[in-house]
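S.K.: dropping a prediction and its sequence here:
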Amino acid sequence: MSSIVTRGGDGGETSLLYGGRVPKDDLHTEAYGALDEAISALGLARATETDPARAERLLALQRQLFTVGAELATGKGSRHLLEKHFSTVDAAMVDALEEETHALEERVPLPRAFVIPGGTPAAAAVDMARTLVRRAERRAVALQRAGQLENAEVLRYLNRCSDLLFMLAREAEQGAITEK
C-alpha cells in the first residue's frame, strides 16, 4: 500500500476481510469498529501503566483482540478462508482468560460496592477499555442474532476479556493504594 488514502470508502462502504463490500454501518463493521476502539483504549492504558508486567499483559490482550477483530470482519461463509491464514478464537483462549481472572481474584479483593473509575490514570484507562470491550460484545451479539457470527467462542472471549480487564483495573488501583 503506497498511501492510506484509497478513496474506497468515500461512498459509505468498506470491505470485509473475506467477502465483499458492505455499508460502513453494517453489523460487521459496527462490531469490529467497537473492538478497534477497545484496542486503542488498551494502548492508552498500556502507555500510562507503570507496572511492566501489567503493561505486557495489556499488550498481549491487544494482540489477541486483533484475532477477535479478524473474526468479526469476516463475512458469513468465509470463515474457512480466515482459518487458512490466521489463528481464530478458541475455547483455550477463553479458558486462559478465565483462569487469569480467578488468579487475580485470589490476590485482589473484589470491591464491596460499585466502582467509580478513576482511582489511578492507568486503572481508569483499563476501565475505559473494559467498557469498550463490552460495547464490542453487544455488537457481536447483534451479529450473532442476525446469523452472521459463525464462532460462538468470540462472544465468550469478549465476555471473559471484560471480566479480566475489570480485575486488572482493580489490581492497578490496589497497587497505588499500597504505595501511598
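M.R.: It's in.

S.K.: mind listing the helices for the protein?
M.R.: Along the chain, the stretches classed as helices by DSSP state H are 27-48, 52-72, 79-85, 91-107, 121-145, 153-179.

S.K.: can I get those helices in TSV including distance to residue 3?
M.R.: Every C-beta, even on glycine, is put in place using the N, C-alpha and C of the backbone. Shown next, in TSV, are those (distance: least, Cβ to Cβ, whole Å):
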stretch	distance to residue 3
helix 27-48	20
helix 52-72	22
helix 79-85	24
helix 91-107	35
helix 121-145	28
helix 153-179	32
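
S.K.: may I see the ones you listed arranged in a markdown table, with mean pLDDT and mean neighbour count as well?
M.R.: Compiled in a markdown table, the helices of the chain are given as follows (pLDDT from 0 to 100; neighbours: other Cβ atoms under 10 Å):
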| stretch | mean pLDDT | mean neighbour count |
| --- | --- | --- |
| helix 27-48 | 96 | 21 |
| helix 52-72 | 96 | 18 |
| helix 79-85 | 91 | 13 |
| helix 91-107 | 96 | 14 |
| helix 121-145 | 97 | 21 |
| helix 153-179 | 87 | 20 |
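
S.K.: to residue 113, which of those helices lies closest?
M.R.: Across those, residue 113 has its closest neighbour in helix 153-179 (12.4 Å, Cβ to Cβ).

S.K.: for the closest one, name the packing helices and strands.
M.R.: Applying 3 or more Cβ pairs under 8 Å, 6 or more residues apart in numbering; DSSP states H and E, one finds that helix 153-179 contacts helix 52-72, helix 91-107, helix 121-145.

S.K.: to residue 14, which of the helices of the chain lies closest?
M.R.: helix 27-48 (5.9 Å).

S.K.: and the contacts of that closest one?
M.R.: 14, 16, 22-23, 55, 58-59, 61-62, 65-66, 68-69, 72-75, 121-122, 125-126, 128-129, 132-133, 135-136, 138-140, 142-143, 146, 148 (Cβ atoms under 8 Å, 6 or more residues apart in numbering).

S.K.: repeat that for stretch 72-79.
M.R.: 16-20, 22, 28-29, 31-32, 35, 71, 81-82, 88, 136, 139-140, 143, 147-151, 154.
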